[in-house]
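# Kindly return the folded structure for what I paste below:
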Amino acid sequence: PYLIDAPQAVLANRRSAIADVPPISFGSMPNDGGNLLLSSEEKTALLAQEPKAAQWIRQILGSEEFINAKERSCLWLVGISPDELHSMPIFVKKVEAVRRYRLASARSTTRELAAIPTLFGEIRQPGNPYLAIPKTSSERRAYIPMAFLQPNIIANTELFTIEGAGLYHFGVLSSAMHMAWVCSVCGRLKSDYRYSAG
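Just a heads-up that it's a prediction; the model follows:
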């Protein structure tokens, strides 16, 4: 605040909203060493070898993929049975690689996640349509790009989600007033906006 020619005002981060609005949440974190993530080429190759894998593959978005319409997928193995998993050797290999990656971590929390290598390390995926907000976006834009997404599109940790948001919430977050707030108080990555749930 001392860099601004105005009275000093320090804003505290809040964990809860000052109004009755749906909360902003972080996306899901794979914590997988890249083994559950697929480029478009890897997805095509996997499906050529294992056509029945399609039901376990989901589109995944972070800031980069969301803003630039880049295709990226992930293995979303929530609810897969052991029999089904073992019927696809490629899945078994990837899940075992996740287990080894987590066991090799210096963090005890990550090592504990080796017990569930089929799942993302942290799952916060909305079960209903949600409003997506990229964590990082260019300061050259007049507005932060946002969109309503379906729950089958996985949001990673570089995408915030607001489950149950409506057009009113979208309108407020897309307003010039909100952008004035963002320009004044949000974090920065280089000069890019670094949005925050707080």
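
# does Lys10 sit in a helix, a strand or a coil?
Residue 10: Val, not Lys. coil (DSSP: H, G, I helix; E, B strand; the rest coil).

# Model confidence score at the residue most central in space within the chain, please.
The chain has Asn156 as the residue nearest its centroid, 1.9 Å off, counting by CA atoms, centre = their mean. In this prediction, Asn156 carries a pLDDT score of 97.

# what sits against it?
By CB atoms under 8 Å, 6 or more residues apart in numbering, the contact list for Asn156 reads 27-30, 60-62. In this view, the C-beta of every residue, glycine as well, is placed from N, C-alpha and C.

# Quick check: phi and psi on it?
phi -90, psi -170 (degrees, to the nearest 10).

# who does it bridge with?
Applying DSSP bridges to Asn156 gives these bridge partners: Ser28.

# What distance do you get for it to Arg140?
In this view, Asn156 and Arg140 are 24 Å apart by CB to CB, to the nearest Å.

# Lowest average confidence across helices and strands of the protein, where is it?
Using mean pLDDT, DSSP states H and E, strand 187-189 stands out as the lowest-scoring helix or strand of the chain, at a mean of 82.

# tell me the average confidence for the longest helix anywhere in the chain?
In the chain, taking DSSP state H as the definition, the longest helix is helix 89-103. Taken as a whole, helix 89-103 carries a mean pLDDT of 97.

# which strands and helices sit next to the following helix or strand past that helix?
Next helix or strand after helix 89-103 toward the C-terminus (DSSP states H and E): helix 108-112. Helices and strands touching helix 108-112, by 3 or more CB pairs under 8 Å, 6 or more residues apart in numbering; DSSP states H and E, are helix 89-103.

# Identify all contacting residues around the helix it packs on.
For helix 89-103, contacts defined as CB under 8 Å, 6+ apart pick out 31-33, 35-36, 46, 49-50, 53, 56, 75, 77, 80, 85-86, 110-111, 113-114, 117-118, 121.
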